[in-house]
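Engineer: Any chance you can model this:
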Amino acid sequence: MRGEPVVGIQPSVMRWARESAGMSVDDVATRLKRQLAEVESWESGDGAPTYPQLERLAYELYKRPLAVFFLPEPPQEVSPRQQFRTLPAEELASLSRDTYLHLRKARAYQAGLEDLYSETNPAPRKIWHHVSLQRNQDVAAQAMNIRRELGIDSPIQAQWGGDDQALKAWRSAIERMGVFVFKDSFKQKTISGFCLRDHEFPLIYINNSTTKTRQIFSLLHELAHILFDVSGISKFDTSYITELPAREQELEVFCNAVAAEVLIPFDEFSRVTAGVPSNVDALDDAYFSRVARYFGVSREAILRRFLDSGRATRDFYESKAREWTDQMVERDGGGGSWYASRGAYLSDTLLREVFARRLRGQLSSERAAEYLGVKPANLPGLEDLVLHRTRN
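Structural biologist: Predicted coordinates for the structure are as follows:
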């Protein structure tokens, strides 16, 4: 009966399902409005949830198929602690349930890509086959190799009409080179994004809950991780870097340097800013905005370049960074189209492939929806969006 404890659930599976969702026992008890001791009994084997409780655990809290709870032991799955070396153990332990679910969703996309493309990346030229980053080599030269592979130079950057166009251009260039890029809004606002390395289907996943310029830097930072052949998860506040072991500290500093050099080549930056004083602390915001627009980056990224070259003081940089961060609120209107948002979140390469195969009758609606992580009823609206992009 539905009100009786479910028979056949292994305590180890219950514990794994909770921990893999980034939840504590207390979190579960609070969400279910049950006593802490009752939830603990499910994981000790002294008790078991009822069928309705198990359904809530599976579908609402842990986001798992119901069948997984009847496995004899927890399935093999890579944990964030095993996969990511770029956050301290304490930071990894503090990842929210929402972030855990984004990581799981990204792995599902990666597995879907492998299945959809029969384990072979469709890109004619894969950037990680031609650029392999090394910390003991010149950053500027390696960044130039990345720009060359992506087909982006300073004249092209100068033609972009704004942050949105710049983000789309960088993202499109990276996807053309075989790296799949996804976005989503994170509830854990401190996370800027992460990447999952793979020899055929590397994936970048960016937090959409911030400005376009911040997303661009995150995109290039995670690309550097992939080209270094390391999965990474990153935060906006870089103070966590000092808590990492020496090797990981060097890696994060290196990836930041590569991202900055790809976005703002130092030689070009020196040329553009040659006419200003040796110390820029007295310059107004309008100047930093003009240079930022030229490179398609944030004002903070430009000021950081001045700081690194000894042309701004640390106090001025930190003061302005705080001021500009407070100003940078994403203005999305709050009532946009679900289809437009979902279309922006999903990899464009994946979207086009799924709907091309669906139009050719090679994919059912159910299978197409599985690859995209949406309900079958949402496919027509997404299909209209993709066809509109293709026509334009």
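Engineer: Kindly confirm whether my reading is correct that residue 312 touches residue 278.
Structural biologist: No - contact criterion CB atoms under 8 Å: residue 312 and residue 278 do not qualify, at 10.1 Å. C-beta here means a position set from N, CA and C on the backbone, and glycine is covered the same way.
Engineer: Give me the neighbour count for the nearest residue to residue 198 once chain neighbours are set aside.
Structural biologist: Closest residue to residue 198 apart from its sequence neighbours, by CB to CB, 6 or more residues apart in numbering: residue 110 at 6.3 Å. By the criterion of other CB atoms under 10 Å, residue 110 has 19 neighbours.
Engineer: so residue 181 is in which element?
Structural biologist: Per DSSP states H and E, residue 181 falls inside strand 180-184.
Engineer: and the angle for the helix or strand just after that strand with strand 180-184?
Structural biologist: As assigned by DSSP H and E, the chain's next helix or strand after strand 180-184 is strand 191-196. On the basis of axes from the mean of the first three to the mean of the last three CA atoms, to 10 degrees, strand 191-196 is oriented at 150 degrees to strand 180-184.
Engineer: Show me which of residue 312 and residue 278 is the more surrounded one.
Structural biologist: residue 312 (21 against 7).
Engineer: List the contacts of the more buried one.
Structural biologist: Applying CB atoms under 8 Å, 6 or more residues apart in numbering, we find residue 312 in contact with 279-281, 303, 306.
Engineer: And it, how close does it get to residue 108?
Structural biologist: Counting by CB to CB, to the nearest Å, the gap from residue 312 to residue 108 is 44 Å.
Engineer: again with residue 162
Structural biologist: Taking CB to CB, one finds residue 162 at 33 Å from residue 108.
Engineer: ok, those two, which is more surrounded?
Structural biologist: Using other CB under 10 Å as the criterion, residue 162 and residue 108 rank with residue 108 on top: 13 against 10.
Engineer: Look up how far residue 101 lies from that one.
Structural biologist: From residue 108 to residue 101 the distance is 10 Å (CB to CB).
Engineer: Point me to the helix or strand that includes the closest residue in space to residue 154 that isn't next to it in sequence.
Structural biologist: Computed as CB to CB, 6+ apart, the closest residue to residue 154 that is not its neighbour in sequence is residue 268, at 4.9 Å. Element membership for residue 268 (DSSP H and E) is helix 266-272.
Engineer: For the residue lying closest to residue 190 once chain neighbours are set aside, list each beta-bridge partner.
Structural biologist: Leaving aside its chain neighbours, residue 190 sits nearest to residue 235 (5.1 Å; criterion: CB to CB, 6+ apart). Under DSSP bridges, the beta-bridge partners of residue 235 are residue 191.
Engineer: Surely residue 235 is in contact with residue 193?
Structural biologist: No - with contact defined as CB under 8 Å, residue 235 does not reach residue 193; the gap is 9.5 Å.
Engineer: of these two, who's got more company?
Structural biologist: Between residue 235 and residue 193, counted using other CB under 10 Å, the more crowded position is residue 193 (29 against 19).
Engineer: which other residues reach the helix holding residue 268?
Structural biologist: By CB under 8 Å, 6+ apart, helix 266-272 touches 140, 154, 291, 294-295, 305, 309.
Engineer: Tell me where this structure has strands.
Structural biologist: 180-184, 191-196, 203-207, 232-235 (DSSP state E).
Engineer: The third one - what's its average pLDDT?
Structural biologist: Across strand 203-207, the average pLDDT comes to 96.
Engineer: Output that strand as PDB, nothing but the C-alphas.
Structural biologist: Extracted C-alpha coordinates of strand 203-207, given in PDB (Å, rounded to 0.1, in the frame of the first residue of the first chain):
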ATOM      1  CA  LEU A 203      31.800  21.000 -22.700                       C
ATOM      2  CA  ILE A 204      31.600  24.500 -21.200                       C
ATOM      3  CA  TYR A 205      28.700  25.500 -18.900                       C
ATOM      4  CA  ILE A 206      28.400  29.200 -18.100                       C
ATOM      5  CA  ASN A 207      26.400  31.000 -15.400                       C
END
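Engineer: ok, the closest residue in space to residue 289 that isn't next to it in sequence - contacts?
Structural biologist: In this structure, residue 289 finds its nearest non-sequential neighbour in residue 299, 5.9 Å apart by CB to CB, 6+ apart. By CB under 8 Å, 6+ apart, the contact set of residue 299 is 285, 288-289, 292, 320, 324.
Engineer: cutoff 6 Å now
Structural biologist: Going by CB atoms under 6 Å, 6 or more residues apart in numbering, residue 299 touches 288-289, 292, 324.
Engineer: Reformat those residues as TSV; add pLDDT.
Structural biologist: Converted to TSV, the contacts of residue 299 look like this (pLDDT from 0 to 100):
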residue	pLDDT
288	94
289	91
292	87
324	82
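Engineer: Check those residues against residue 70 and report the nearest one.
Structural biologist: residue 324 (52.4 Å; CB to CB).
Engineer: Quick check: pLDDT value at residue 70.
Structural biologist: On pLDDT, residue 70 comes in at 88.
Engineer: Count the residues that sit near it.
Structural biologist: By other CB under 10 Å, 13 other residues sit near residue 70.
Engineer: Can you get me a residue count around residue 320?
Structural biologist: A count of nearby residues for residue 320, using other CB under 10 Å, gives 18.
Engineer: Find the nearest non-adjacent residue to residue 178, please.
Structural biologist: Nearest to residue 178 is residue 123, by CB to CB, 6+ apart, at 3.2 Å.
Engineer: ok, residue 164 to residue 218 distance?
Structural biologist: Using CB to CB, residue 164 is found at 15 Å from residue 218.
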